[in-house]
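[1] how would this look folded up:
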Amino acid sequence: MGRRERKKMQSRRMILEAAISEFSKNGYKDTSVADIMKTADLGIGTFYNYFTSKEDLLFSLLGRLGDAIRMALAEARAAERTALELLEVGAHVTAKFLDENRFVMPLFLAASRRQGPQDPHETGDSFRGALEDAKTAPHPRGTAESGRRMTPQIKEIFTEIIAQGQADGEIRRDVPVDLIAEMFHSLYQAAAFSRLDLSFQENIALKTKLLLDGIRARDEA
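    Below you'll find the predicted structure:
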């Protein structure tokens, strides 16, 4: 890689890190491109060398979740974990990422429904601030490509594991693969709106255990 390419990668990384910092402090809606570039110590014009808009940058940040899941699953597969264990790893990594990058939550939720939460003030306290951005977050309408960008193939990752688990006899086969994958995606919305006295990650962990127990293949009498 040449010097120019390294510099471009460094500038893009600086913009992404600055966006994470600003989104975390001020929320997605109240952060401008100018705010991001000021934190990155780069000119505003430089932003558009890498991203077409603030929404495009947010898609890139959400894409990091897909990368994190794949890396964690690669390690788990190397350790010969079962399909149920792989699903638990994927659920844990997703919960951790969303908890640490709450500004991504509205976009993540919008991927599972054509609109964001209708009344963010009815949500649990832990994610209320982040979910208020759902009204202005980009929604998965239009092309199939935009839909793929919304979820960085997260649902597909879970679907593949579930299908393999059914083929190996670890996961019950009387429930469609897509339905189980949809249930995993819905865990995060349920936890985000929860009013239980649990942290987001604790909530997801408990829900995941219940879901895994429900889909576990049972020995027939």
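[2] Would you work out how far apart the start and end of stretch 168-178 are?
    The straight-line separation of the ends of stretch 168-178 (CA to CA, to the nearest Å) is 17 Å.
[3] Pull out the buried positions in that stretch.
    For stretch 168-178, a neighbour-count test (16 or more other CB atoms under 10 Å) marks E170, I171, V177 as buried. Every residue, glycine included, has its C-beta placed from N, CA and C.
[4] Which of these sits closest to E17?
    Using CB to CB, V177 is the member of those that lies nearest E17, at 37.1 Å.
[5] Look up how far A163 lies from that closest one.
    According to CB to CB, to the nearest Å, V177 and A163 sit 5 Å apart.
[6] What's the first helix or strand after the helix or strand of the chain with the lowest mean pLDDT?
    Lowest by mean pLDDT, DSSP states H and E among the helices and strands of the chain is helix 144-150, with a mean of 47. Following helix 144-150 in sequence order, the next helix or strand is helix 154-167 (DSSP states H and E).
[7] what's near enough to touch D168?
    By CB atoms under 8 Å, 6 or more residues apart in numbering, the contact list for D168 reads A83.
[8] Quick check: it vs A217, distance?
    For D168 relative to A217 (CB to CB), the value is 9 Å.
[9] residues shared between the contacts of those two?
    Contacts common to D168 and A217, judged by CB under 8 Å, 6+ apart, are absent.
[10] Now the phi/psi pair for P176, please.
    phi -60, psi 140 (degrees, to the nearest 10).
[11] Give me the local confidence score for it.
    What the model reports as pLDDT for P176 is 96.
[12] gap between it and I36?
    Applying CB to CB to P176 and I36 gives a distance of 42 Å.
[13] before we move on, what about M105?
    Applying CB to CB to M105 and I36 gives a distance of 19 Å.
[14] burial count for the residue nearest to E85 when sequence neighbours are not counted?
    Distances taken as CB to CB, 6 or more residues apart in numbering place A76 nearest to E85, at 6.6 Å, with adjacent residues excluded. The tally of other residues near A76 (other CB atoms under 10 Å) stands at 19.
[15] going forward, begin numbering at 425 instead of 1
    Sounds good: first residue 425 from here, last item A500.
[16] now what about the helix or strand hosting A500, what contacts it?
    Under the criterion DSSP H and E, the helix or strand holding A500 is helix 478-502. Residues outside helix 478-502 that contact it (CB under 8 Å, 6+ apart): 439-440, 443-444, 447, 452, 455-457, 460, 475, 509-510, 513-514, 516-518, 521-522, 525, 527-528, 531-532, 561-562, 573-578, 581, 585.
[17] Buried among those residues? Need that as a selection in PyMOL.
    Only the buried entries of the contacts of helix 478-502 go into this PyMOL selection, using 16+ other CB under 10 Å:
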select buried, resi 439+440+443+444+447+452+455+457+460+475+509+510+513+514+516+517+518+521+522+525+527+528+531+532+561+562+573+574+575+576+578+581+585
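[18] Many thanks, have a good one.
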